[in-house]
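Peer 1: structure for the following, please:
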Amino acid sequence: MASTETSPAQDSGSVEAGLDALETNATGRPPFRQTLVNKILPPVIALAVVLVVWYILYPIVDDPTKLPSPGAVGSAFQDAWLKGDLLGYIWTSVSRGLLGFFFALLIGTPLGLLVARVRFVRAAIGPILSGLQSLPSVAWVPPAVIWLGLNNSMMYAVILLGAVPSIANGLVSGVDQVPPLFLRAGRTMGATGVKGIWHITLPAALPGYVAGLKQGWAFSWRSLMAAEIIASFPDLGVGLGQLLENARTASDMAMVFEAILLILFVGIAIDLLIFSPLERWVLRSRGLLVKS
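Peer 2: Residues are numbered from 1 along each chain as shown. Presented below is the predicted three-dimensional model:
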């Protein structure tokens, strides 16, 4: 009679094979119908609901100076496109915002590491960074104009003051959550100093760091819009903030809605194209998100 007992090695192999099969099935690309239902339809339905509510409210308000019709806003977009100005509005603000955010990244990252790793520095400037993060970015526009004048340097200064504290605090939060065991293991393997920061600290602190980057971009974009609205000047070109201010001055509500929708569109697009994929990559690399 043949024995039905299996060895521990065979059991282990069976378990591994089962886990591999589960992982293979989980990481397969979902069908298009599932993607359509879960990811495409919800925002389309939400947009449709907003448009329906807009169409209902417009005749109730019955005052184009307070609530323009969707058709009037569409005409404003069409006019800006036909004149060749629409992409110029977007590019002027996006180029400033991304370049300012890049500078904020270069400053906020080493500052965050310094605050996180040096106790005296944390005690000295940690509360200041938290206070700066809670300070409305619009407050920096008047002093920046006085110090630097009406130019792009003023715009970048406002972006830096708005974004650097968020990036630094996000990295500090991420470093604080790194398990001490990782650091000890890194030192045991010779990863000390800059090598330990690059290979151990930063990778382990990525979740908090990415959250800080995302918040830093939100602050930098809001800071830039405040600067463009308040410090409007012809030599600076017309960005989305200037477009909004020009519309307010002209009492053109269709153009006001055009500017607001463009500002919202850019914020959503940057999040979907840059930060959401980055967040998914960080979560997936830690086994917290199934690849889809």
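
Peer 1: what helices or strands is the helix or strand containing Leu113 leaning on?
Peer 2: Using DSSP states H and E, Leu113 sits within helix 86-117. The contact analysis (3 or more CB pairs under 8 Å, 6 or more residues apart in numbering; DSSP states H and E) places helix 86-117 against helix 70-82, helix 119-134, helix 152-176, helix 206-230, helix 240-250, helix 253-270. Glycine gets a C-beta too; all of them are placed from N, C-alpha and C.

Peer 1: again, only this time at 7 Å
Peer 2: In terms of contacts (3 or more CB pairs under 7 Å, 6 or more residues apart in numbering; DSSP states H and E), helix 86-117 is packed against helix 119-134, helix 152-176, helix 206-230, helix 240-250, helix 253-270.

Peer 1: tell me which of the ones you listed lies nearest to Val50.
Peer 2: helix 253-270 (10.7 Å; CB to CB).

Peer 1: tell me the angle of that closest one relative to helix 70-82?
Peer 2: Counting by axes from the mean of the first three to the mean of the last three CA atoms, to 10 degrees, helix 253-270 lies at 70 degrees to helix 70-82.

Peer 1: and helix 253-270, what's buried?
Peer 2: Neighbour counts over helix 253-270 (16 or more other CB atoms under 10 Å) mark 253-259, 262-263, 266-267, 270 as buried.

Peer 1: ok, so of these, who is nearest Gly131?
Peer 2: Closest to Gly131, out of all of the buried residues of helix 253-270 and judged by CB to CB, is Gly267, at 25.0 Å.

Peer 1: correct me if wrong: that closest one contacts Phe219.
Peer 2: No - with contact defined as CB atoms under 7 Å, Gly267 does not reach Phe219; the gap is 11.6 Å.

Peer 1: what mean pLDDT would you report for the helix holding Leu113?
Peer 2: For helix 86-117, mean pLDDT rounds to 92.

Peer 1: that one: which residues count as buried?
Peer 2: For helix 86-117, by 16+ other CB under 10 Å, it's 86, 89-90, 92-94, 96-98, 100-101, 103-105, 108-109, 111-113, 115-116.
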